[in-house]
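A.B. asks: sequence and computational prediction follow.
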Amino acid sequence: MEFNKTIVLKNGKECLLRNVTADDSEEFINMFSVILGETDNLLTYPEEFKYTVEEEAEFLNNKHTSEFAIEICAVTDGKIVGTGGFDPIDINKIKLKHRAEFGICILKEYWGLGIGKAITEACINCARQAGYSQLSLEVVSDNENAVSLYKKLGFEEYGRNPKALKLKNGKYQEFVLMQLDL
């Protein structure tokens with residue numbers, strides 16, 4: 001599934017939203033490693049992210065050539081500053097192939113510029129085009145900006161997991177489970 005769109009950010013700069021490709025693998029790894037160190041709102045600590053450029057290239061190539069998944073990156077200031085995408089829950093099971101799971105991350109210095117909203121809207125539209133009827137996500141409950149954005153875009157809360165993530169310091173983070181009927 002192909003995606004390519006230029007948007008104007010809240011700071012007036014242009015931002016290209018496009019498919020991530022295998023050629024982006026090294027930059028993608030570097031960006032994702034920085035993001036993992038900037039927030040506890042993702043599933044992985046930086047030292048746990050151990051993909052090689054070759055492994056990441058294969059992963060990104062599979063996403064780029066898939067009819068059922070997508071990974072969209074945001075490019076501004078000459079670099080990839082964020083990414084979001086969806087994957088099928090299980091495209092091979094009749095009872096589950098209508099559902100996809102969404103995830104997103106953005107470099108902290110680019111928060112609040114409209115990138116998250118634009119990537120989320122792009123993924124919603126692509127999920128519809130791919131034939132899904134439900135898009136779901138899990139978001140840390142303390143991530144109020146993200147929860148608010150998802151609600152504005154039509155996602156509804158259907159539950160919570162109070163001990164979804166356990167941090168190194170022993171504290172837990174709660175997930176808000178959300179879904180959007182497409």
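C.D. replies: Arrived safely.

A.B. asks: helices of the chain, residue ranges please.
C.D. replies: Here the chain has its helices, by DSSP state H, at 25-38, 53-65, 115-129, 144-152.

A.B. asks: next, the buried residues of the last one.
C.D. replies: Pointing back at helix 144-152 there. Ala146, Val147, Leu149, Tyr150 (16 or more other CB atoms under 10 Å). For glycine as for every other residue, the C-beta is placed from the backbone atoms N, C-alpha and C.

A.B. asks: identify the bridge partners of the residue lying closest to the first one once chain neighbours are set aside.
C.D. replies: Spatially, and ignoring its direct neighbours in sequence, Ala146 is nearest to Val139 (5.1 Å; CB to CB, 6 or more residues apart in numbering). The partner list for Val139 in beta bridges (DSSP bridges) reads Val176.

A.B. asks: list the contacts of Val139.
C.D. replies: Asn41, Ala146, Val147, Tyr150, Phe175, Val176, Met178 (CB atoms under 8 Å, 6 or more residues apart in numbering).

A.B. asks: can you put those residues in a markdown table and add pLDDT?
C.D. replies: Formatted as a markdown table, the contacts of Val139 follow (pLDDT from 0 to 100):
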| residue | pLDDT |
| --- | --- |
| Asn41 | 93 |
| Ala146 | 96 |
| Val147 | 97 |
| Tyr150 | 98 |
| Phe175 | 98 |
| Val176 | 98 |
| Met178 | 98 |
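
A.B. asks: for the helix-or-strand element of the chain with minimal mean pLDDT, packing partners?
C.D. replies: When each helix and strand of the chain is scored by mean pLDDT, DSSP states H and E, helix 53-65 comes last, with a mean of 91. Where contact means 3 or more CB pairs under 8 Å, 6 or more residues apart in numbering; DSSP states H and E, helix 53-65 is packed against helix 25-38, strand 70-76.

A.B. asks: for the residue positioned nearest the centre of the chain, which non-adjacent residue is spatially closest?
C.D. replies: Nearest to the geometric centre of the chain sits Ile104, at 2.0 Å (CA atoms, centre = their mean). Leaving aside its sequence neighbours, Ile104 sits nearest to Gly84 (CB to CB, 6+ apart; 3.4 Å).

A.B. asks: how close does the one you found sit to Ala146?
C.D. replies: 11 Å (CB to CB, to the nearest Å).

A.B. asks: which neighbours do these two share?
C.D. replies: Counting by CB under 8 Å, 6+ apart, the contacts common to Gly84 and Ala146 are Gly116.

A.B. asks: having no further points to raise, I will conclude here.
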